[in-house]
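Asks: Below are the sequence and a predicted model; questions follow.
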Amino acid sequence: AGEFGFVLLNLAGGTKLIDPFIIQVVLASMVLSMLLAPFIIAKSDQIVLKFSNNEWMMQSLALTKIASRTMSTNKHVIVCGFGRSGQSLATLLA
């Protein structure tokens, strides 16, 4: 739920379209979902791994961790391919 949900709920309550008890239940669930969302997002890696622990997911998680670590690296070069040309380029850059 988001802030716009509060506006819609207020309008529905003001025009008596929905029973006040239902509005209170929906309001409570909206507040709880907004409170829990940051904690669920923080633990999303562990939650996903608990439900779908397979090789593809583990490789994807490893690549994501490598990418997030290298984002802060400055003055670096990525050499794609390490054949004769790639080795020459890596030697030249080193």
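Replies: Arrived safely, thanks for sending.
Asks: and residue 46, how many residues sit next to it?
Replies: Neighbourhood size, residue 46 [other Cβ atoms under 10 Å]: 8. The way it works is simple: take the backbone N, C-alpha and C, and place the C-beta from them, glycine included.
Asks: per-residue pLDDT, it?
Replies: In this model, residue 46 is scored at 82, pLDDT.
Asks: residue contacts, it?
Replies: Taking Cβ atoms under 8 Å, 6 or more residues apart in numbering, we find residue 46 in contact with no residue.
Asks: And the spatially most central residue of the chain, which helix or strand is it part of?
Replies: Centroid-nearest residue in the chain, with Cα atoms, centre = their mean: residue 41, separated by 6.2 Å. In this structure, residue 41 sits in helix 20-42 according to DSSP states H and E.
Asks: Contacts for that helix next, please.
Replies: By Cβ under 8 Å, 6+ apart, the list of residues contacting helix 20-42 from outside reads 1-2, 5-6, 9, 12-13, 18, 47.
Asks: Any buried residues in it, and which?
Replies: Buried positions in helix 20-42, judged by neighbour count with 16 or more other Cβ atoms under 10 Å: 26-27, 30.
Asks: Serialize the residues you listed to JSON lines and add fields for distance to residue 78 and pLDDT.
Replies: As requested, these are exported to JSON lines (distance: Cβ to Cβ, whole Å; pLDDT from 0 to 100):
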{"residue": "26", "distance to residue 78": "50", "pLDDT": "92"}
{"residue": "27", "distance to residue 78": "50", "pLDDT": "92"}
{"residue": "30", "distance to residue 78": "45", "pLDDT": "93"}
